[in-house]
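Peer 1: Here is my input; please provide its structure:
(2 chains)
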Amino acid sequence: MIWAAVLATSAGCYLLKLAGLSVPERVLASPRVRTAALLLPIALLAALTAVQSFGHGQGLSLDARAAGLGFAVVALLLRAPFLVVVVGAAAVAAGLRALG
Amino acid sequence: MSDPIPWEQRRRAVARNAAGVGVAVGTYGVSFGALSTTSGLSVTQTCALSVLAFTGGSQFALVGVLGAGGSALSGTLTALLLGSRNALYGLRLAPILQVRGVRRVFAAQLVIDETTAMAIGQDDEQASRLAFWATGLAVFSLWNLATLLGAVGATALGDPKKLGLDAAVGAAFLGLLWPRLKGRVAWVTALVAAATALALSPLLAPGVPVLVAGVVAVTLMFRLSGAGEAGGAT
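Peer 2: Numbers count the residues shown, from 1 in each chain, chains lettered A, B, ... in the order given. A predicted model of the protein is given here:
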């Protein structure tokens, strides 16, 4: 099943790119489509951030991941590079778990 | 409007910037490789995704949904919705690149956030084309190399939860979201989507709340803004 998802995602993502280079501009030029293309990544990434940080199977949980996310917010506000944000969040969560 | 800077000098500046973007994106690639293998993908599957899909946001989305127990279908749909912006980038780039046949087949794979930003940031079409190809090749090489390093490294590290790697996934999505949070419309969209996804989590199968939240938030923003001109306000 994982391979199916990997290959379907790959094929779909490539076709979306190729379509952009190939179709006449008027097909996708409406302001509605442009706005959706601008807002959809924001909505999906925000939803993914929330679920990955507070979701737990089919429920919610407030655990060490929330502290990791808190670190990420502070690091991003301080304009830290991506790797610092990600590794730091992991380190904060791991540290909290090690403390019990 | 004559340009006082000679082409040779501008050419080198574009190449230098392209290499810089490649190195910066490489750090995302290491994170992606590590998080992908801890989400249950093999090193081969992880590397295949970086070569074939080659669009970071969608790749993070797929492995994030799969890692959280979501189905292959909801993971794929989330990844494709996130990747749909590349079609808009392609529209923007088509008149600049003027590629046909085999060149278009290769150019298409390089249509991503970074190459689009670099190409449309130049003063003329010659520099734009160079920026597109140089950034595309730099990012493609380093993204895939970094993915391999991250994937192999993470499989050697051991228990992902003890290392806090599950917390790193949320941080990675926030890091991808952050530069897009410009203006009131963007913030409201993000908050509505996050709240909707959390509210639906106890009700729907893992992976589905993210998809529904994405569609609900964008639809709501259309309703609030009337004719769909919200994009201009960001």
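
Peer 1: got the contact list for the closest residue to chain A within chain B?
Peer 2: Taking CB to the nearest CB as the measure, chain B has residue B:90 as its residue closest to chain A, at 1.9 Å. (Each C-beta comes from the backbone N, C-alpha and C, glycine too.) Contact analysis of residue B:90 by CB atoms under 8 Å, 6 or more residues apart in numbering or on different chains lists A:16-22, B:108, B:111.

Peer 1: same check, this time on residue B:76
Peer 2: A:5, A:8-9, A:12, B:62.

Peer 1: what would those look like in TSV with pLDDT and secondary structure?
Peer 2: Below are the contacts of residue B:76 laid out as TSV (pLDDT from 0 to 100; DSSP: H, G, I helix; E, B strand; the rest coil):
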residue	pLDDT	secondary structure
A:5	98	helix
A:8	98	helix
A:9	98	helix
A:12	98	helix
B:62	97	helix
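
Peer 1: anything in the helix or strand hosting residue B:64 near chain A?
Peer 2: Under the criterion of DSSP states H and E, residue B:64 resides in helix B:56-67. Yes: using CB under 8 Å from any CB of the partner chain, helix B:56-67 reaches chain A at B:57-62, B:64-66.

Peer 1: Which pair of those spans the longest distance?
Peer 2: B:57 and B:66 (15.2 Å; CB to CB).

Peer 1: and residue B:61, what does it touch?
Peer 2: A:44, A:48, B:75, B:78-79, B:82, B:210.

Peer 1: farthest pair in these?
Peer 2: Longest distance between any two of these is 12.0 Å, between A:44 and B:75; criterion CB to CB.

Peer 1: What subset of the contacts of residue B:76 is buried?
Peer 2: Among these, those buried by neighbour count (16 or more other CB atoms under 10 Å in any protein chain shown) are A:5, A:8-9, A:12, B:62.

Peer 1: the domain parsing of chain B - what is it?
Peer 2: B:7-180, B:181-234 (automatic domain parsing).

Peer 1: Least reliable of these by average pLDDT, please.
Peer 2: Among the domains of chain B, domain B:181-234 carries the lowest mean pLDDT, a mean of 86.

Peer 1: now check that domain, is it near chain A?
Peer 2: Yes: judged by CB under 8 Å from any CB, domain B:181-234 comes into contact with chain A at B:181, B:185-186, B:189-198, B:201-202, B:204-206, B:209-210, B:213-215, B:217-218, B:221-222, B:225, B:227-232, B:234.

Peer 1: Out of those residues, which sit inside helices?
Peer 2: The helices, defined by DSSP state H, take in B:185-186, B:189-198, B:209-210, B:213-215, B:217-218, B:221-222, B:225 from the residues of domain B:181-234 next to chain A.

Peer 1: Endpoints of stretch B:154-164, how far apart?
Peer 2: The first residue of stretch B:154-164 is 12 Å away from its last residue (CA to CA, to the nearest Å).

Peer 1: try stretch B:37-55
Peer 2: 17 Å.

Peer 1: Quick check: longest helix in chain A by residues?
Peer 2: Per DSSP H, chain A has its longest helix at helix A:31-54.

Peer 1: got the buried residues for that helix?
Peer 2: A:33-54.

Peer 1: could you check the angle helix B:56-67 makes with it?
Peer 2: 40 degrees (axes from the mean of the first three to the mean of the last three CA atoms, to 10 degrees).

Peer 1: which SS state does the residue lying closest to residue B:178 once chain neighbours are set aside fall under?
Peer 2: Of all residues not flanking residue B:178 in the chain, residue A:76 sits nearest, at 4.9 Å (CB to CB, 6 or more residues apart in numbering or on different chains). Taken by DSSP: H, G, I helix; E, B strand; the rest coil, the conformation at residue A:76 corresponds to helix.

Peer 1: what about residue A:76, how many residues close to it?
Peer 2: 19 (other CB atoms under 10 Å in any protein chain shown).

Peer 1: For it, list the residues it contacts.
Peer 2: Per CB under 8 Å, 6+ apart, neighbours of residue A:76: A:85, B:174-175, B:178.

Peer 1: out of these, which are inside helices?
Peer 2: A:85, B:174-175.

Peer 1: quick one: the residue of chain A found nearest chain B and residue A:33, what's the gap?
Peer 2: Nearest residue of chain A to chain B, counting by CB to the nearest CB: residue A:20, 1.9 Å away. From residue A:20 across to residue A:33, the span is 11 Å (CB to CB, to the nearest Å).

Peer 1: Identify the contacts common to these two.
Peer 2: residue B:88.

Peer 1: what helix or strand does the closest residue to the residue of chain B closest to chain A other than its chain neighbours sit in?
Peer 2: Of all residues not flanking residue B:90 in the chain, residue A:20 sits nearest, at 1.9 Å (CB to CB, 6+ apart). Taking DSSP H and E as the definition, residue A:20 sits inside helix A:2-22.
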